[in-house]
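1. Have a look at this fold, sequence not included:
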């Protein structure tokens with residue numbers, strides 16, 4: 001069964017850094033785009049950053065220059081390095097991946113359960 005799981009959330013003071021990880025698993029899989037979204041109370045879920053299989057990256061304007069997305073293809077893992085954190089970065093962060101399963105021979109969009117990031121002094 002294909003799934004993705006996030007880790008690395010927590011609480012940090014403004015100006016600090018956190019690194020999120022997300023690993024996909026489930027047998028013989030191939031991953032296309034991977035992305036991070038976030039959902040904060042009272043706000044719509046928004047795209048934080050996206051990375052293609054080839055390494056092309058897109059960022060939300062609010063995080064550009066502070067966050068860095070990267071991936072390790074051999075580990076089926078995507079990372080989100082978050083620097084110079086602000087209180088407005090507080091949210092649940094979700095990993096999203098477009099994954100092909102050789103077992104079912106189908107593409108699917110998979111999201112994790114989310115990891116809480118809280119930025120507060």
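-> Great, that's in hand. Please read all numbers here as calculations on a predicted model, not as lab measurements. Residues are numbered from 1 along each chain as shown.

2. What about the residue nearest in space to the middle of the chain? Give its phi and psi, please.
-> In the chain, the centroid-proximal residue (CA atoms, centre = their mean) is residue 36; its distance is 3.0 Å. For residue 36, the backbone dihedrals (degrees, to the nearest 10) come out as phi -120, psi 130.

3. distance of the nearest residue to it once chain neighbours are set aside from residue 101?
-> Excluding the flanking residues, the one nearest residue 36 by CB to CB, 6 or more residues apart in numbering is residue 48, at 4.3 Å. All C-beta spots, glycine's among them, are computed from the backbone N, C-alpha and C. As judged by CB to CB, to the nearest Å, residue 48 and residue 101 stand 26 Å apart.

4. just residue 36 next, same as before
-> 22 Å.

5. and what of residue 84?
-> Distance from residue 84 to residue 101, by CB to CB: 38 Å.

6. out of the two, which sits in the more crowded spot?
-> Taking neighbours as other CB atoms under 10 Å, residue 84 and residue 101 compare with residue 101 leading, 17 against 13.

7. ok, that one - contacts?
-> The contact partners of residue 101, taken as CB atoms under 8 Å, 6 or more residues apart in numbering, are 2, 26-29, 108.

8. try 10 Å this time
-> 1-2, 26-30, 107-108, 110 (CB atoms under 10 Å, 6 or more residues apart in numbering).

9. swap in residue 111?
-> 3-4, 6, 22, 35, 37, 94-97.
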